[in-house]
Every structure is written in structure tokens, then in C-alpha cells.
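> sequence? don't have it. structure:
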């Protein structure tokens, strides 16, 4: 294995890892926001006289 192949593998691994983490955070964040807004809606409806 030469240096070019080594660095290509490293770069591809890093880009793949970054993409996976970014997608995980995005989907998890969207789910958390959806849950939070639903919870706030329930609180707002129950607080009305």
C-alpha cells in the first residue's frame, strides 16, 4: 500500500463518518423538536381556562 492509497482510505473513512454523524444528528434533532412541540401543544391546551 502506498501513501496515496493510505490517505485515500483515511479521507473516505472520515467523510463517511462525518456524513453518518451529520445525518444522525439531523434526524434525531428533528424527532426531538417534533416531540417538544407536541408536548408544548398539550401544555398550552391544558393551561387554557
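The structure has been received and is ready for your questions. This is a predicted model, so every value here is computed, not measured. Numbers count the residues shown, from 1 in each chain.
> Tell me which residues are up against stretch 20-30.
If you take Cβ atoms under 8 Å, 6 or more residues apart in numbering as the criterion, stretch 20-30 is touched by no other residue. Backbone N, C-alpha and C define where each C-beta goes, glycine included.
> What residues of stretch 22-36 count as buried?
By 16 or more other Cβ atoms under 10 Å, stretch 22-36 has no buried positions at all.
> Distance from it to the middle of the chain?
6 Å (Cα atoms, centre = their mean, to the nearest Å).
> Same check on stretch 33-48?
Counting by Cα atoms, centre = their mean, stretch 33-48 comes out at 23 Å from the chain centroid.
> element containing the residue sitting nearest the centre point of the chain, please.
Geometric centre of the chain, nearest residue: residue 25, 1.2 Å, by Cα atoms, centre = their mean. Using DSSP states H and E, residue 25 sits within helix 3-47.
> Quick check: mean pLDDT of that helix?
For helix 3-47, mean pLDDT is 94.
> count of neighbours near residue 21?
Neighbours of residue 21 under the rule other Cβ atoms under 10 Å: 10.
> Report how many residues lie close to residue 19.
With other Cβ under 10 Å as criterion, residue 19 counts 10.
> no wait, residue 13
Residue 13: 10 neighbours (other Cβ under 10 Å).
> Could you report the separation of residue 39 from residue 23?
Computed as Cβ to Cβ, to the nearest Å, the residue 39 to residue 23 distance reads 25 Å.
> what does residue 12 give?
17 Å.
> Same question for residue 29.
Shown here: residue 29 relative to residue 23, a distance of 11 Å by Cβ to Cβ.
> Then residue 13?
For residue 13 relative to residue 23 (Cβ to Cβ), the value is 16 Å.
> same check, this time on residue 4
Going from residue 4 to residue 23 by Cβ to Cβ gives 29 Å.
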